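Asker: Predicted model follows, preceded by the sequence.
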Amino acid sequence: MGNTIRAGAAIAPAILLAACAGETVWPPSPWPTGSVTAAAETVPVGTANADAADDPAIWRNPADPAKSVLLGTDKKAGLYSYRLDGTVIDFVPAGLLNNVDLVSLADGTVLVAASDRTDAATPAIAFFTLASDGQLTQGPRLEVGSGEAYGFCMAEADAAGQLARAYVVIKQGPVIEAVIGGTAQAPTILSTRRFAIPSQSEGCVVDGRTDMLYVGEETVGIHRFDLSQPSPAGELVARADGTALVPDVEGLAIAPVGRDGGYLIASSQGDNAYAAFALPTMAYAGRVRIVDGGGIDGTVETDGIEFAAGSFGPGFPDGVFIAQDGDNGPDADGNATQNFKLVRGDALLAGLRGE
């Protein structure tokens, strides 16, 4: 697995300060960084010349994995569904949606939800259902807590009478857990609790095998919360010190192996890479970039990411990794675009391991 130094060890290089803007500029990471190419990319989101595409999610179709569905937010306009070849299936003009996630319910219904930042002072969760053909049906918008909704992730229910659990990362730092009840078409919020994080955060993911919530504090690192505890306190398990993980810390994803193994993958946005940490120890495991190849450009300034295990048909026989691309190049009219890149899961993990 290559280098196994723990993230946050005393290896940080000197930090250079950009003279023009006072912005922190990190030297290149000292650790080897592999490279992979995308196997497919989505049609760009509709909002051009803006920071618009943000976060993906994926539903694996158990009846026909090659017909699985990718979701992606245009945070200026709404929610897309795509085929695995990147073509658009559906779009719902649902306002300022930032991050998206989904859970499959016991009756087979796919419940989709996203952080809604239409009101910057009052966070909300926007709900949808996803049909097997990729069509989206918009549901209610439920307000929760206070502050600007930013990051978002979901977990399966952990008690009778629940549909799911949702985690809204408030831009200023705290995380709000909302336990969702009711039905997929008419969800309700049964209860909430709040977890503290000191500064601006966004990316989050729940490892359903261990009931651990991981949250990225953008300039600091990755925190872990044990959701089985009544009042979980965050533990900083990977520091963004400019070596393995270069600020900003953005999207987070789990690549599961076995009962509690695999990797936590993080968007190391500061140097356009993806860093992996072995689970459950969070030992540093490797880095990779998505580079130009096969007629598809690489990724830069990635916000959201997702990893889904299993077969997704001949194009993705062993998992799929999805990453937002902050600069997809100009369209035919010269407008700047953003989209999502799809990488074979086995290729991504091989790149992380330096294979």
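Answerer: Here it is on my side, so go on. Numbers count the residues shown, from 1 in each chain.

Asker: For the rest of this, base every contact and every neighbour count on C-alpha atoms.
Answerer: Will do.

Asker: Okay, buried residues for stretch 281-295 please.
Answerer: Neighbour-count burial for stretch 281-295 flags 282-291 (criterion: 16 or more other CA atoms under 10 Å).

Asker: so how far is it from its chain's centroid?
Answerer: 15 Å (CA atoms, centre = their mean, to the nearest Å).

Asker: Can you get me the start-to-end distance on that stretch?
Answerer: Across its full length, stretch 281-295 reaches 38 Å between end residues, using CA to CA, to the nearest Å.

Asker: Average pLDDT for it, rounded please.
Answerer: For stretch 281-295, the mean pLDDT works out to 97.

Asker: ditto for stretch 139-151
Answerer: What stretch 139-151 shows for mean pLDDT is 96.

Asker: got the contact list for that stretch?
Answerer: Contacts of stretch 139-151 with the rest of the structure, by CA atoms under 8 Å, 6 or more residues apart in numbering, involve 98-99, 115-117, 119-129, 167-172, 176, 178, 185-189, 201-204.

Asker: Can you redo the buried residues of stretch 281-295 as JSON lines, where the extra columns are secondary structure?
Answerer: What follows is the buried residues of stretch 281-295, written out as JSON lines (DSSP: H, G, I helix; E, B strand; the rest coil):
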{"residue": "M282", "secondary structure": "coil"}
{"residue": "A283", "secondary structure": "strand"}
{"residue": "Y284", "secondary structure": "strand"}
{"residue": "A285", "secondary structure": "strand"}
{"residue": "G286", "secondary structure": "strand"}
{"residue": "R287", "secondary structure": "strand"}
{"residue": "V288", "secondary structure": "strand"}
{"residue": "R289", "secondary structure": "strand"}
{"residue": "I290", "secondary structure": "strand"}
{"residue": "V291", "secondary structure": "strand"}
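
Asker: between those, which is closest to R353?
Answerer: Within the buried residues of stretch 281-295, the smallest distance to R353 is 5.9 Å, found for G286 (CA to CA).

Asker: thinking that closest one is in contact with E355, fair?
Answerer: No: contact between G286 and E355 fails when scored by CA atoms under 8 Å: they sit 10.9 Å apart.

Asker: Next secondary structure after the helix or strand that contains I222?
Answerer: Using DSSP states H and E, I222 maps to strand 221-226. Elements were assigned by DSSP H and E; along the chain past strand 221-226, the next helix or strand is strand 235-239.

Asker: Just checking: what are the partner strands of that next one?
Answerer: The strands beside strand 235-239 in its sheet (DSSP bridges) come out as strand 221-226 (antiparallel).

Asker: buried set for the strand it pairs with?
Answerer: If you call a residue buried by 16+ other CA under 10 Å, then strand 221-226 has these buried ones: 221-226.

Asker: just to revisit the earlier point, take the buried residues of stretch 281-295 and lay them out in TSV including distance to D64.
Answerer: Formatted as TSV, the buried residues of stretch 281-295 follow (distance: CA to CA, whole Å):
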residue	distance to D64
M282	34
A283	36
Y284	35
A285	33
G286	32
R287	32
V288	30
R289	30
I290	27
V291	30
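
Asker: between those residues, which is closest to G216?
Answerer: With CA to CA as the yardstick, the closest approach to G216 among the buried residues of stretch 281-295 comes from M282, at 13.7 Å.

Asker: Not counting residues beside it along the chain, what's closest to that closest one?
Answerer: The spatially closest residue to M282, leaving aside those adjacent along the chain, is V237, at 6.5 Å (CA to CA, 6 or more residues apart in numbering).

Asker: ok, that neighbour touching F225?
Answerer: No: with the criterion set as CA under 8 Å, V237 and F225 do not qualify as a contacting pair; they are 10.0 Å apart.

Asker: closest to A275 among the buried residues of stretch 281-295?
Answerer: When the buried residues of stretch 281-295 are compared for distance to A275, the smallest value, 4.4 Å, is given by R287; criterion: CA to CA.

Asker: Might you report the residue contacts of that closest one?
Answerer: With contacts defined as CA under 8 Å, 6+ apart, R287 is in contact with 31-34, 244, 273-276, 351-353.

Asker: Tell me the buried residues in the helix or strand hosting G351?
Answerer: Per DSSP H and E: G351 is located in helix 345-352. Of the residues in helix 345-352, 345-352 count as buried by neighbour count, 16+ other CA under 10 Å.

Asker: Between these, which sits nearest G326?
Answerer: Relative to G326, and with distances defined as CA to CA, the nearest of these is L348, at 19.1 Å.

Asker: Tell me what the nearest residue to the closest one once chain neighbours are set aside is bridged to.
Answerer: When the adjacent residues along the chain are set aside, L348 lies closest to V36, with 6.4 Å between them (CA to CA, 6+ apart). The residues listed as beta-bridge partners of V36 by DSSP bridges are I290.
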